[in-house]
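Peer 1: Predicted model, plus sequence, below.
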Amino acid sequence: MCYSNGYKRIIACMMAMSLLLAVGLPVCAYPSEKGVEQIVGSKMTVTGKIADAAGVPLAGVTVVVKGEQGNVAISDIDGLYTIKAPADGVLEFSLIGMQSAQVPVNGRSVVDVVMKEENLLLDELVVVGFGSQRKENLTGAVSTVNVGRTMDGKPFTDPAKGLQGAVPGLTVTFSNGAINNAPGINIRGMGSLNAEDGGSPLILVDNVVVSDISLVNAEDIESISVLKDAASTSIYGARAAFGVILIKTRSGRMGSRFSVSYTNNFSWGTPTVLPKFPDNAVAEIAAMEAAMARGKQAFDMFGMKAQPLMEGITNWIANYSHNRHGHEMIMGEDFEVKDGVTYFYRLWDPVKEMYQKWTPQQSHNLQVSGGGEKISFVLSGGYQYQEGILKIKPDILNKYNLSLNVNAQAAPWVDLEARMNLRQTDYDYPYSYQDPYYYMWRWGTYFPYGTYTDEQGTKAWFRHIPGYLHNASYSTSRQSYYNTQIAATFHIGDSIDLRSEFAYSTTHRNVHETGGYVTMWDFWGGGLNYNTKLPGSSFDEVELASYRTTQITSNTYATFERDFGEHNLKITAGVNVETGQSQMQMSRKTGLMDKELGQLPLATGAATVNGNASDWAVVGWFARANYNYKNRYLAEINGRYDGSSNFPSHSRWAFFPSFSLGYRISEEPFFAPLKQVVSDMKIRGSYGLIGNQNVGADRFIPTMSTAYASWLVDGAKVLYTGLPANVSSNLYWEDVATLDLGVDMRFLENRFGITFDWFQRENRNMLSVGETLPETFGTAAAMVNDGRLRTRGWEITIDGNHTFGNGLSIYGNINISDYKSVITEWNANSANLLTSNYKGKTIGEIWGFETDRYFTSAEDVAASPSQVGLQTGNFVFGPGDIKYKDLNGDNVINAGKSTLQDHGDLKVIGNTTPRYQYSFRVGGAWKGFDVDIYFQGIGKRQLWATGNEAIPYYRGADVMYEHQMDFWSPENPNARYPLPYTGNGSTAISGIRYMANAAANSGNNFYPQTKYLLNLSYLRLKNLTIGYSLPDKWISRANLTKARIYFSGENLFEFSQKKIPIDPEITAGSSTSNFYGRTAPFERIISFGVQLAM
């Protein structure tokens, strides 16, 4: 974009300032005011620092002079305040979550205060839809994230990582460890099977929708609220059916001093768990030869035969392995050409060749804030750098962010706000000729990871993934996000606030990919050839693509609040309008003149151009009324009238109501005797309807696609138009009904607490596929609103905290949640085939056989129920193969008709849904030291994985790993794996799939079954952080108000029972489908950093 270079210069200047801070040179520092007494009339100027028991500065503390009106100060981000007070006056300090304090001035010009933490944040203001509420009066299911504990001083480059396990019911997953991997986020499970996002929550930052939580800098976040039930989310309407995540960024404080803070983090990551190649390559080749012989195939690895290959490797180990250090390979020693075939003998460590031992990342953040009597601001800038795991041409991610928040009091009756946020992400990655994660784990360790120079001095890499990477050009993806907001709040009398917000945001991503021919020593076709045209003409290309989305948001709403004696009434009503546009354009051209100059004008081949554009709009009128009597009886009513452009004109508008009730039984007079034990107790319940409009913007429009035919007319291809899509004119909102019952309890003067929720969410008009049509109809069935999905679950949170008299403070919390989703209506699969969704299906279920044991002899096979129908290719069941259980007693092992009514010997053997998700955190602080320990895990989850890391010889030529060398033999009858056979990736039973539309899951010995079902439950030390805040007497000489150093570790260790060496959080494979685990690994990360303020 036009501002990108200037933007980077701004960031560079801010980083330069941060370096000055890091070495202790004060920038823009004010003279110390300690010990200075200024008498103004009968008052003096009092300054000081406010901190908690651990010495951590407290921002936002309200400071007043007891008995005076209008004389208020607010502590800044460093805990500093300034106020005018009588020499004999008393200062009162108050902050939500801390015990109020009163301190006499006694003529002092410096009054420092240590505030104790409240045991319960009952008076905490929780951010909810278009407003805030006191926590004690909440009647909906709302959880708040302790931002300081979850993200402060952690090596998180994405705020989503800090949210894993932070609140019950919020699921955050990463399918692999790639640095550009986007998280999967949902609240209380899957909400829809065919909606665009599958039921993802709505994410708002300062009341503006964002599509990607990584657009927010974690250092800018002030608070996070997670809204789970209909009563809490319905005010957001059309896109909030499956929960809302509200993020509020930091704002300045009126009356705060000018302050500067700088934080950094330097991190290094190393893979958590990786498969191991066999220690004995010769034994692995022998096992593969025997496995191929079982299938009546001869060992042939690009022409290499087993016996000469094993002899050559044995000779290389004995004579040459001791002096091989570089990548240059020697003809006649490391490899040779024999009978027109290139044989490779040198053994490599693919992990060492392909992966960095430690991958670096770093982040820097600089924040400047201040405020006068009528204006305040926060200006922050940040930079993050991450490097991918690959040693050769690693992908690199640079993130830059700049934000400015300004608050001003234009008049006593009007407040103004302005927010601006810039975020640029630069992702550089090598052009993908081959997926490196797929191919490095595919071949044996004798495959060449080196170069060769012939007698004429011609040097090149061998045709393998290292050669492609070394020759690849860097491709780029540049994404710029810009958001600006303005808002005005008008105070009308004592009871009414009228607020209007306007926001404009745009995301622009440019992608530039350059391929080109690669020159390598090619042995794939036999012999050894210097090939300058690898891997083929389709990769000799340059491609430029541009993606742009724009969104405009306008909110106008009024809030009325008044006490009527012991009654309190609060009403909020307004209108929300959102419009959006998206555009895409792609240009591609083949025939590069020079692969180092990847530009469209410098390519001479065929050109391809593509593009599209779309727009949408949402309008919603909303209202909410809150009532409470004596803070004892609580009620809330919500309503929203929504309109969406995603539906036909006759069904665009719908009304969605919700309500909630609460009863604080602890406020009843009869409860008083129990107060010393049960400090607070609230029972609450909610029910409501919300409409989901995320069903696709054009599913009611019968679109027609165009393409060029594969035949010629008059020497040219003909452009043709396909049949119009089959659509339903009655497409309608998905109606999501949610029931929530909960109880909140606090004990022992609020030191400990328990929150429990039970919920049921039902998508009543879920989008589903219509009845199957005959092929002669010419197109697929239309999507219709006749499905129903029900999710039931529960959540519990237990927390506690205490501060001892010696200043030691401790805290802890436990979160546990569970849910299960069942399809209760589904008309598209009248035959109830297991390969599709059906009525009664539990989401995530895995169908398979129950494993019995290994066959021990040919006689054992003959005497057992027949498994002939399970055999594929040349495979024949024999000794050392899997015997499946005959569950239906018909003496034949099969899947019947693969239907719910006739599934033969299949049964549900597991489920991919993460069950019993839990986390627990403990920590404390004392005399400047602080520690935070965070564990996270899943209690129950299974996966049927495909690919050779889970199934030996899934594909015939794939290597077998060290953990798979434990296979059956007469001498090893209790082995982990059966007698090897190559080519287990085919299946004879199309109906045996663990999810609808999943690919084949392998056959013969490896049909989905109980023995090799992966157990993905785990417990992981997600983060350990230890910090130390230097005493004030040390840092004050450098004009610093805070100096903290810390060490942090992420994913330091885990406990799991998956039985294969793959990280339990990985759920993805390579870009080549059905190869679980061949992907970027998760990392253990160690880091350190500093936090400075002045």
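Peer 2: Ah, there it is.
Peer 1: Only C-alpha atoms from now on, for both contacts and neighbour counts.
Peer 2: Noted.
Peer 1: so how far is D300 from the nearest residue to G526 once chain neighbours are set aside?
Peer 2: Excluding the flanking residues, the one nearest G526 by Cα to Cα, 6 or more residues apart in numbering is V341, at 5.0 Å. For V341, the distance to D300 equals 11 Å [Cα to Cα, to the nearest Å].
Peer 1: the domain parsing of the chain - what is it?
Peer 2: Using automatic domain parsing, the domains assigned to the chain come out as 31-114, 125-254.
Peer 1: how about the ones you listed in JSON lines, adding distance to T872 and mean pLDDT?
Peer 2: Shown next, in JSON lines, are the domains of the chain (distance: least, Cα to Cα, whole Å; pLDDT from 0 to 100):
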{"stretch": "domain 31-114", "distance to T872": "66", "mean pLDDT": "79"}
{"stretch": "domain 125-254", "distance to T872": "32", "mean pLDDT": "87"}
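Peer 1: Indicate which one of these is closest to N628.
Peer 2: domain 125-254 (7.8 Å; Cα to Cα).
Peer 1: what's near enough to touch N763?
Peer 2: Neighbour list for N763: G191, S192, E734, D735, V736, A737, G787, R788, L789, R790 [criterion: Cα atoms under 8 Å, 6 or more residues apart in numbering].
Peer 1: Which element, helix or strand, includes it?
Peer 2: strand 752-769 (DSSP states H and E).
Peer 1: Ok, M745 next?
Peer 2: Using DSSP H and E, M745 falls within strand 734-747.
Peer 1: Mind listing residues that contact that strand?
Peer 2: Here strand 734-747 makes contact (Cα under 8 Å, 6+ apart) with 120, 141, 229-230, 241, 676-693, 752-767, 785.
Peer 1: Can you say which of these are buried?
Peer 2: When neighbours are counted using 16 or more other Cα atoms under 10 Å, these contain these buried positions: 120, 141, 229-230, 241, 678-693, 752-767, 785.
Peer 1: who does the strand holding M745 pair up with?
Peer 2: strand 678-692 (antiparallel), strand 752-769 (antiparallel) (DSSP bridges).
Peer 1: what about R640, distance to A291?
Peer 2: For R640 relative to A291 (Cα to Cα), the value is 65 Å.
Peer 1: When those two are compared, which one has more neighbours?
Peer 2: Higher neighbour count among R640 and A291: R640, with 27 against 21, using other Cα atoms under 10 Å.
Peer 1: Which pLDDT value does the model give that one?
Peer 2: Looking at R640, its pLDDT stands at 94.
Peer 1: For it, which non-adjacent residue is closest in space?
Peer 2: Counting by Cα to Cα, 6+ apart, R640 lies nearest to F622, which is 4.2 Å off, once chain neighbours are set aside.
Peer 1: what is that neighbour paired to in the beta sheet?
Peer 2: Beta bridges link F622 to G574, R640 when assigned by DSSP bridges.
Peer 1: Please apply the same query to the one 4 residues further on.
Peer 2: Beta-bridge pairing of N626 under DSSP bridges involves K570, E636.
Peer 1: is it true that it touches A573?
Peer 2: No - the criterion here is Cα atoms under 8 Å, and N626 misses it with A573 at 11.6 Å.
Peer 1: mind checking the backbone torsions on the residue most central in space within the chain?
Peer 2: Taking Cα atoms, centre = their mean, the centroid of the chain lies closest to P183, which sits 2.0 Å from it. Main-chain torsions, P183, degrees, to the nearest 10: phi -80, psi 150.
Peer 1: any idea how far it is from S223?
Peer 2: With Cα to Cα as the criterion, P183 and S223 are 20 Å apart.
Peer 1: burial of P702, as a residue count?
Peer 2: Count around P702 with other Cα under 10 Å applied: 14.
Peer 1: show me what contacts it?
Peer 2: Going by Cα under 8 Å, 6+ apart, P702 touches P724, A725, N726, V727.
Peer 1: try S582
Peer 2: Y547, R548, T549, T550, A613, S614, D615.
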